[in-house]
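In: Need a 3D model of the following:
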Amino acid sequence: MFLHDKFGRAITDLRISITDRCNYKCVYCRTGNEGALYGDLPFADYLRMARVLVGMGVTKIRLTGGEPLLRNGVVEFVRELTKLRPHGPMASSAPGSNGTSDAAASAFASESSGSRLDIALTTNGHLLADLAQPLKDAGLTRVTVSMDAVDPDRFTRITRVPGGYDHVLAGVRAARRAGLGPVKVNCVLLRGFNEDQIIPFGMFAREEDVIVRFIEFMPLEEDRTWSRSTVVTLQEILARMSEYRPLVEIPRGHSETARRYRFDDGVGEIGIIAPVSHPFCGHCSRLRITSDGKIRTCLFSVWDHDLHAQMRRGDSDEQLAEFIRGVVQKKEERHHIGEADFVPASRTMVHIGG
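Out: Presented below is the predicted three-dimensional model:
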């Protein structure tokens, strides 16, 4: 009854994009145009999707965008998600008058039953300073901040938003104070823009007590200009950082995407997410829901699967679960970045969810 794809991978991680709007226009993501393409759903609809999937074995939910903190009501949504308890597959049961079955409702459990759902959020950090403590109080577990330079001028060049650096730095520090840690800072490296920030980010990790994670640039940008020559690879990152201090690799979880390293003196941690040079598809445990309610089985999927359409036509939670099981059986074995048969994803990153 738990979710497994046809390759035997357990699906335990859900990413929900709650908007495809963003207040930044990062060069590796956006064309610079304004506005959203697909739009948002009411939080109640995302909550129902999450409830069904938690009943099917999902234990981790990450809220993404676009920029999720642009949505009014995100704090209350987190509070509602904390009422979900992962505790077993959905049993067969007739739906109630509102289309919600007793089985799905069992994902709502008392504080004493079941383990706690791991609820995280990825943000560009611009609005985080004022929301970090309310989010923590609502039950958010962890936060990841996208931050692609530790130099204000370079940051502005990448984001195309003047003055954003100080807001993001304040957000990182507020998240630490609120206990949303360990705070992770994600940096997408793009040759010609910020590869010289590798060592400064190593210093930043040590000084700010955060985990910095470098991400290889993937072909998910709106401009469709990706080439392998723009990718700063894992090997290059390690070589550059070793010029600053030696690194020691540390253990990581089975389905964890980042290779993890500590500096030789034990102060500071970095991670490297290397989907281009070192793919990790064989241990993928993720499912994604876009802001308009479509299921995506991979970042690089060329198809969407319309879960929200099933809801609109009146499907019960058991029928939604059966639809989800069918979709998961279509999950791709791997991506084909850089290969001759590679086909770009049907949506770009801002419209998929990070």
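In: Residue 177: how many residues sit nearby?
Out: The number of residues packed around residue 177, counting by other Cβ atoms under 10 Å, is 14. (C-beta placed from N, C-alpha, C; glycine too.)
In: Lowest-scoring secondary structure element of this protein by mean pLDDT?
Out: helix 102-105 (a mean of 46; mean pLDDT, DSSP states H and E).
In: and residue 142, what is it in contact with?
Out: Neighbouring residues of residue 142 by Cβ atoms under 8 Å, 6 or more residues apart in numbering: 118, 120-121, 180-184.
In: With residue 144 instead?
Out: 120-123, 183-186, 213 are the contacts of residue 144 under Cβ under 8 Å, 6+ apart.
In: Widest-spaced pair of the residues you listed?
Out: 121 and 213 (15.2 Å; Cβ to Cβ).
In: More neighbours: which of the two?
Out: Each of residue 121 and residue 213 has its neighbours counted (other Cβ under 10 Å); residue 121 has more, 26 against 22.
In: Look up the closest residue to that one, ignoring the ones flanking it.
Out: residue 63 (4.6 Å; Cβ to Cβ, 6 or more residues apart in numbering).
In: can you check residue 198 too?
Out: Nearest one to residue 198, counting by Cβ to Cβ, 6+ apart, is residue 240 at 4.5 Å.
In: what does the helix or strand harbouring the one you found contact?
Out: Using DSSP states H and E, the element containing residue 240 is helix 234-242. Here helix 234-242 makes contact (Cβ under 8 Å, 6+ apart) with 189, 195, 198-199, 202, 214, 216, 247, 259, 261, 270, 272, 274, 277-278.
In: Follow the chain on from that helix and name the next helix or strand.
Out: Sequence-wise, the next helix or strand downstream of helix 234-242 (DSSP H and E) is strand 247-250.
In: and the contacts of residue 142, which are buried?
Out: Among these, those buried by neighbour count (16 or more other Cβ atoms under 10 Å) are 120-121, 180-181, 183-184.
In: Which parts of the stretch 1-150 of the chain are helices?
Out: For the stretch 1-150 of the chain, the helices defined by DSSP state H, counting those that start in this stretch occupy 43-54, 74-81, 102-105, 128-138.
In: Deepest in the core, which of those helices is it.
Out: helix 43-54 (a mean of 21; mean count of other Cβ atoms under 10 Å).
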